[in-house]
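> Curious how this folds, go ahead:
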Amino acid sequence: MAVKSKDPKPSAEVGVIPLPDSKSAGTWWLVFGACVLMTMWTRLHKVSQPAWVCWDETHFGKMASWYINRTFFFDVHPPLGKMLIAGMGYTTGYNGTHPFEKPGDPYDDHSYMGMRVGCTLLGCAIVPFSFLTVWQFTHSLTASCLAAAFLIFDIGVIVLNRYILLDPILLFFISGSVFAMASFRSVK
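Below you'll find the model as predicted:
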């Protein structure tokens, strides 16, 4: 004998993202899509500039080169982020020959864009994660959009996401973990 649900209206889901009621589903997806597009535009616009080593790219680019060249080294940071950067560089044609000596060194003919774009794309995922996390907690489109807007237009986050750094990787995993926790909390 089948047990009938007491809920007269079953909730529709797409993966772990509960859809709003049918009247506003299009609006929800429109706002979410606009947030994703704004994120991609603010992060990826002229990501190739400047075409020289900036700030801590000297450290993490050099360590990625060491991983690609299979050179032993020891560092205080855990290896996952640096290995991901090395993997991004390796899969996009970087051969690990740029010295990354000091900030301001030009990249010349070295293929650095794969590492920059890879870090930037991981940083881009922070905004949708925050939108969806706030949605899981509040089911408020306004609150979700506001949380996303805070990150979309935060200059500090934009700058950190545009370079070969561990920060966008760390923020990606932190925001993904918080979203997973929020999704787990909302399962009944």
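> Wait, Leu84 touches Gly118, no?
Yes - taking contacts as C-beta atoms under 8 Å, Leu84 lies within contact range of Gly118: 7.5 Å. Where C-beta positions appear, they are placed from N, C-alpha and C, glycine not excepted.
> how about low-confidence regions in this structure?
Residues of the chain that meet the criterion pLDDT under 70 lie in 1-23, 188.
> for it, what spans make up the strands?
Counting by DSSP state E, the chain has these strands, from start to end: 13-14, 17-18.
> ok, how many other residues are close to Asn69?
A count of nearby residues for Asn69, using other C-beta atoms under 10 Å, gives 11.
> wait, Phe74
4.
> do Met83 as well
For Met83, the tally of surrounding residues (other C-beta under 10 Å) stands at 13.
> didn't it look like it was pressed against Tyr67?
Yes - under the criterion of C-beta under 8 Å, Met83 makes contact with Tyr67 at 6.0 Å.
> which stretches of this protein form helices?
Assigned by DSSP state H, the helices in the chain fall at 25-44, 57-68, 80-91, 113-124, 126-138, 141-152, 155-161, 167-186.
> CA-only coordinates of the second one in PDB, if you can.
As requested, C-alpha coordinates have been extracted for helix 57-68 and formatted as PDB (Å, rounded to 0.1, in the frame of the first residue of the first chain):
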ATOM      1  CA  GLU A  57      52.400  35.300  -8.800                       C
ATOM      2  CA  THR A  58      56.200  35.200  -8.300                       C
ATOM      3  CA  HIS A  59      55.700  32.500  -5.600                       C
ATOM      4  CA  PHE A  60      52.800  30.400  -7.000                       C
ATOM      5  CA  GLY A  61      53.800  30.600 -10.600                       C
ATOM      6  CA  LYS A  62      57.300  29.500  -9.600                       C
ATOM      7  CA  MET A  63      55.900  26.600  -7.500                       C
ATOM      8  CA  ALA A  64      53.700  25.600 -10.400                       C
ATOM      9  CA  SER A  65      56.800  25.500 -12.600                       C
ATOM     10  CA  TRP A  66      58.500  23.300 -10.100                       C
ATOM     11  CA  TYR A  67      55.600  20.900 -10.100                       C
ATOM     12  CA  ILE A  68      55.500  20.800 -13.900                       C
END
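> OK, contacts around Phe172?
With C-beta atoms under 8 Å, 6 or more residues apart in numbering as the criterion, the residues that contact Phe172 are Leu122, Gly123, Ala125, Ile126, Phe129.
> out of these, which is most surrounded?
Comparing those by number of neighbours (other C-beta under 10 Å), Gly123 comes first, having 27 neighbours.
> Quick check: closest non-adjacent residue to that one.
The shortest distance from Gly123 to any non-neighbouring residue, by C-beta to C-beta, 6 or more residues apart in numbering, is to Asn161 (2.9 Å).
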